[in-house]
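1. turn this into a model:
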Amino acid sequence: MSRHNADTIATALRKRVCMEPPTSSPVLHEQALAAEFGVSRTPVRQALQRLAYERLVEVRSGVGTVISPLSPARKAQDIALAHALAHVAAQIEGDRPLSEEAKAYIVALDRQVASAEALDLETNYTIRSTCIHVLTREMTNDILADALKAALWRLFRWRMAEAAEIASGIDPRLPQVMSRMAEATRVGTLRALLAAQSAGPDDAARADAGG
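-> Prediction:
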């Protein structure tokens, strides 16, 4: 019996999408994925639906499900949107205390980044995706959390592409963002953690949960 289900398949496919160049749009064939993961097409379809909701993939008539390509011309807009949504979320979510689990995750990730001389792309992905998960899981407004998650995944893909061009695999923004997030855990509120992502109104590039 396969150990895979819609959750594990979605997790694997998110990583696959983020490791692709942002401007590419390969087709994700349900039948091939079902064979790869040793499942029926139903959990594969469910996983792809989740990724479509996060705007990581899209369905094209006559083609099938493809990785959503990003436009270099809209990169600045993608960054600005993530920045704006993080700022709005900070205002709406308010001073609700962060969970101890969220604090522990962020502090551990900050230490990992601060001590690293190099990070391969797989580790880079793990750090950034964990930040997105922790941040949006703490939010109470589901609609806003879903919108912010989609925006951050899009920004995340741009950052992964930038990291792929750097020998260390570390985007220069990542240590700065993680440091601000760790500082926010000492304040201990969701507002502070979200504000750490929207800090610097003149630098929308900071609105990235993973840098």
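
2. in the chain, which residue is most central in space?
-> Central residue of the chain (C-alpha atoms, centre = their mean): Trp153, 3.7 Å from the mean position.

3. in this protein, where is pLDDT below threshold?
-> Counting by pLDDT under 70, the chain has low-confidence residues at 1-2, 199-211.

4. rerun that using 80 as the cut-off
-> Residues of the chain that meet the criterion pLDDT under 80 lie in 1-2, 167-171, 198-211.

5. now do the strands in it.
-> 57-60, 64-67 (DSSP state E).

6. relative to Ile170, which of those strands is closest?
-> strand 64-67 (24.3 Å; C-beta to C-beta). All C-beta spots, glycine's among them, are computed from the backbone N, C-alpha and C.

7. tell me the buried residues in that closest one?
-> Residues 65, 67 are the ones in strand 64-67 that count as buried (16 or more other C-beta atoms under 10 Å).

8. off-centre distance for it?
-> Distance, stretch centre to chain centre, for strand 64-67: 19 Å (C-alpha atoms, centre = their mean, to the nearest Å).

9. what lies in contact with it?
-> 17, 20, 24-30, 48, 52, 56-60 (C-beta atoms under 8 Å, 6 or more residues apart in numbering).

10. and the helices in the chain?
-> 6-19, 30-37, 41-53, 75-93, 100-115, 121-137, 142-164, 173-187, 190-198 (DSSP state H).
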